[in-house]
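> Just need the structure, nothing else, for what follows:
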Amino acid sequence: MPRTLRLAEQLISCASLTPDDAQCQHIIATRLAALGFVCETIVSGPVGFHVTNLWAKRPSTRVTNANAASELIVFAGHTDVVPTGPLDLWHSDPFTPSQRDGKLYGRGAADMKTSLAAFVVAVEEFVAAKPDTALSIGFLLTSDEEGPALDGTVVVCEALQARGERLDYCIVGEPTSLQSTGDMIKNGRRGTMSGRLNVKGVQGHIAYPLQAKNPIHLFAAALAELVSMEWDQGNEFFPPTSWQVSNIHAGTGASNVIPGVLVIDFNFRFSTESTPESLQSRLQTVLERHGLDYELVWIVGGLPFLTTPGTLVAAVHSAIKAETGIDTQLSTTGGTSDGRFIAKICPQVIELGPPNASIHKIDEHILVADIEPLKNIYRRVLENLNARLTP
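Presented below is the predicted three-dimensional model:
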């Protein structure tokens with residue numbers, strides 16, 4: 001059995017439901033320590049929700065190009081997985097790796113324990129071939145990506161920033177591909193900002209509307225305007241900013257009572273053409289113009305980030321092309337990832353992983369044939385970046 005597949009199965013066997021790491025990071029740290037990595041476990045989170053984070057670094061052993069300083073590439077990801085859902089719907093135990101019809105099944109197979117295994121074996125192969133390397137290599141792993149994401153990668157990034165640690169490049173192992181490994185990578189993500197709006201009215205008997213104020217009716221015109229607004233036009237890398245209502249609720253449950261308050265939950269997914277402040281201001285201007293009595297609470301879940309084509313994009317594109325023959329597509333679609341935290345301390349962040357069609361689903365899986373190419377792509381990226389630092 002190939003080493004990458006064996007390690008992926010070992011990690012899948014760990015029932016690491018958020019925030020429980022279930023010893024995944026210990027398995028990985030043991031292998032990294034054998035390569036000369038200095039491994040540090042950072043535990044965070046409140047009582048009853050302890051998050052395990054791993055920061056591991058193997059410093060460069062030499063710099064042979066007098067004109068270049070050592071550079072640090074970090075492999076980042078998460079060991080936690082989402083809940084399995086009903087076990088009776090799975091065709092095999094989600095935490096017992098199973099191979100059927102050329103596919104590896106198990107919770108985390110695609111998101112993202114195979115990527116973690118590929119990271120480790122790629123580094124093992126690279127160090128074996130070039131033990132005296134000019135490239136520093138790091139690992140940043142958390143068990144709180146699928147959960148609140150308050151005590152995971154963000155905590156490690158803050159600690160590294162306080163120490164003055166410099167990250168030059170980062171590859172996040174999120175499953176980014178569509179049909180086959182390497183056909184799409186993420187060079188950025190949109191920002192996310194949520195709001196909860198309480199529109200106030202006056203509760204009353206539905207037969208006496210003049211003695212009440214219906215907040216649903218009051219908000220209707222503002223809602224129509226917000227739905228039709230163009231927030232920005234996006235740009236070369238990002239689609240236009242979108243505004244969507246996720247929940248709307250009013251009423252007591254009785255059919256003869258005008259509600260006293262309307263509660264609306266909504267979300268912006270925004271490009272680099274907008275800021276949280278500009279979006280908040282424009283939305284509140286609409287509410288004010290319609291004369292609404294309201295309360296509004298904002299939560300900024302993450303700012304957009306973007307890695308424009310440069311050193312890391314070129315190294316990744318070349319590695320994918322050499323391994324698969326694919327000219328990869330750059331994309332910023334999808335939800336948020338921990339890349340939003342890493343981008344604050346690292347100028348070049350790319351997400352690259354296997355196909356994502358089965359993630360979070362019953363019978364999550366990955367094609368066995370995709371595993372070795374993924375590992376080889378990661379190794380080739382290391383080779384490409386290291387070649388820049390040596391004659």
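> Residue 70 versus residue 59, what's the distance?
8 Å (C-beta to C-beta, to the nearest Å). C-beta coordinates here come from the backbone N, C-alpha and C atoms, glycine included.
> What's the mean pLDDT across stretch 357-365?
With pLDDT averaged residue by residue, stretch 357-365 scores 97.
> how about it: buried residues?
If you call a residue buried by 16 or more other C-beta atoms under 10 Å, then stretch 357-365 has these buried ones: 358-359, 363-365.
> which of the residues you listed lies closest to residue 339?
Compare each of the buried residues of stretch 357-365 with residue 339 using C-beta to C-beta and the shortest gap goes to residue 359, at 16.1 Å.
> gap between the closest residue to that closest one other than its chain neighbours and residue 276?
If the residues on either side of it in the chain are set aside, residue 359 comes closest to residue 111, at 4.1 Å by C-beta to C-beta, 6 or more residues apart in numbering. Taking C-beta to C-beta as the measure, residue 111 falls 28 Å from residue 276.
> higher neighbour count, those two?
Using other C-beta atoms under 10 Å as the criterion, residue 111 and residue 276 rank with residue 111 on top: 26 against 16.
> That one touches residue 175, doesn't it?
Yes. Contact status for residue 111 versus residue 175: in contact at 5.2 Å, counting by C-beta atoms under 8 Å.
> shared neighbours, the two?
356, 359 (C-beta atoms under 8 Å, 6 or more residues apart in numbering).
> any idea which residue sits dead centre in the chain?
Centroid-nearest residue in the chain: residue 337, 1.5 Å away (criterion: C-alpha atoms, centre = their mean).
> what's the spacing between it and residue 57?
From residue 337 across to residue 57, the span is 22 Å (C-beta to C-beta).
> just residue 16 next, same as before
Here the criterion is C-beta to C-beta. By it, residue 16 lies 23 Å from residue 57.
> Looking at these two now, which is surrounded by more residues?
It is residue 16, of residue 16 and residue 57, that has more neighbours when counted by other C-beta under 10 Å, with 25 against 19.
> Could you double-check that that one lies in contact with residue 83?
No. With contact defined as C-beta under 8 Å, residue 16 does not count as touching residue 83 (11.4 Å).
> Please enumerate the helices of the stretch 151-300 of the chain.
Remark: helices assigned in the stretch 151-300 of the chain by DSSP state H, counting those that start in this stretch are 153-163, 215-228, 276-289.
> To residue 131, which of those helices lies closest?
Closest to residue 131 of the helices of the stretch 151-300 of the chain, according to C-beta to C-beta: helix 153-163, at 25.5 Å.
> Run through who's touching the closest one.
With C-beta under 8 Å, 6+ apart as the contact definition, helix 153-163 has outside contacts at 42, 44, 51, 53, 55, 76, 78, 140, 142, 144-145, 167, 338, 341-342, 344-345.
> By neighbour count, which bits of that helix are buried? Give me those.
Of all the residues in helix 153-163, those buried under the rule 16+ other C-beta under 10 Å are 153-157, 160.
> can you check stretch 91-108 too?
By 16+ other C-beta under 10 Å, the buried positions in stretch 91-108 come out as 94-95, 97-98, 103-108.
> And for stretch 1-16?
4-5, 7-14, 16.
> and those residues, which of them are in strands?
For those, membership in strands holds for none, with DSSP state E as the criterion.
> can you put the residues you listed in JSON lines and add distance to residue 133 and pLDDT?
Conversion of the buried residues of stretch 1-16 to JSON lines gives the following (distance: C-beta to C-beta, whole Å; pLDDT from 0 to 100):
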{"residue": "4", "distance to residue 133": "21", "pLDDT": "98"}
{"residue": "5", "distance to residue 133": "26", "pLDDT": "98"}
{"residue": "7", "distance to residue 133": "22", "pLDDT": "98"}
{"residue": "8", "distance to residue 133": "25", "pLDDT": "98"}
{"residue": "9", "distance to residue 133": "29", "pLDDT": "98"}
{"residue": "10", "distance to residue 133": "26", "pLDDT": "98"}
{"residue": "11", "distance to residue 133": "26", "pLDDT": "98"}
{"residue": "12", "distance to residue 133": "30", "pLDDT": "98"}
{"residue": "13", "distance to residue 133": "32", "pLDDT": "98"}
{"residue": "14", "distance to residue 133": "30", "pLDDT": "98"}
{"residue": "16", "distance to residue 133": "31", "pLDDT": "98"}
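> Now, these that are in helices?
For the buried residues of stretch 1-16, membership in helices holds for 4-5, 7-12, with DSSP state H as the criterion.
> Closest to residue 377 out of those residues?
Among these, residue 4 lies closest to residue 377 (C-beta to C-beta), at 11.7 Å.
> how long is stretch 333-347 end to end?
Between the opening and closing residues of stretch 333-347 there is a gap of 19 Å (C-alpha to C-alpha, to the nearest Å).
> Then stretch 239-257?
Taking C-alpha to C-alpha, the first and last residues of stretch 239-257 lie 42 Å apart.
> what does it contact?
190, 203-207, 215-216, 223, 226-227, 229-234, 259, 261-271, 273-274, 279, 283, 332-333.
> sec struct for the residue nearest to residue 359, please.
helix (DSSP: H, G, I helix; E, B strand; the rest coil).
> Please list all residues in contact with it.
When contacts are counted by C-beta under 8 Å, 6+ apart, residue 111 is found next to 81-82, 174-175, 356, 359-360, 364.
> Lovely, talk soon.
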